[in-house]
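Colleague: From the sequence below, what's the structure:
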Amino acid sequence: MSQIRMFCTEFYPCCVRAGMLLKSKGGQIGKIFVDSLSGGFRELFALTGRRTVPQIFIGDHHVGGYDDLSALDSRGDLAPLPGSG
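Modeller: Next up is the predicted model:
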């Protein structure tokens with residue numbers, strides 16, 4: 001089964017909205033708080049080539065940020081999410 005990972009910060013509005021959207025679709029999210037990890041932003045950049053949060057992975061697929069996630073949802077390509085039963 002694929003899992004959802006989201007590189008994020010605790011209070012950044014786009015991170016909160018992405019989490020809410022994923023939860024509304026029934027997804028189980030593993031959050032990685034880059035601002036709490038030593039070298040967290042360096043790891044994020046090495047993995048994605050991006051410096052912004054959130055960055056979302058569904059399985060091994062890098063979805064991108066909140067705007068990318070929202071676009072997937074608008075096209076109907078977001079569901080079913082891993083862990084949604």
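Colleague: check which helix or strand covers the closest residue in space to S70 that isn't next to it in sequence.
Modeller: Leaving aside its sequence neighbours, S70 sits nearest to L21 (CB to CB, 6 or more residues apart in numbering; 6.9 Å). (Each C-beta comes from the backbone N, C-alpha and C, glycine too.) In this assignment (DSSP states H and E), L21 forms part of helix 13-24.
Colleague: could you check the angle helix 13-24 makes with the helix or strand following that helix?
Modeller: Counting by DSSP H and E, the next helix or strand C-terminal to helix 13-24 is strand 29-33. Relative orientation of strand 29-33 versus helix 13-24 (axes from the mean of the first three to the mean of the last three CA atoms, to 10 degrees): 160 degrees.
Colleague: helices or strands next to strand 29-33 in the packing?
Modeller: Applying 3 or more CB pairs under 8 Å, 6 or more residues apart in numbering; DSSP states H and E, one finds that strand 29-33 contacts strand 4-8, helix 13-24.
Colleague: which other residues reach that strand?
Modeller: Contact partners of strand 29-33, identified using CB atoms under 8 Å, 6 or more residues apart in numbering, comprise Q3, I4, R5, M6, F7, C8, T9, E10, G19, L22, K23, G40.
Colleague: What pLDDT is listed against the third one?
Modeller: Going back to what we said before, that points to R5. Looking at R5, its pLDDT is 95.
Colleague: OK, contacts around it?
Modeller: By CB under 8 Å, 6+ apart, R5 lies in contact with I29, G30, K31, I32, I56, F57.
Colleague: what's the most distant pair in those residues?
Modeller: Largest separation among these by CB to CB: K31 and F57, giving 11.6 Å.
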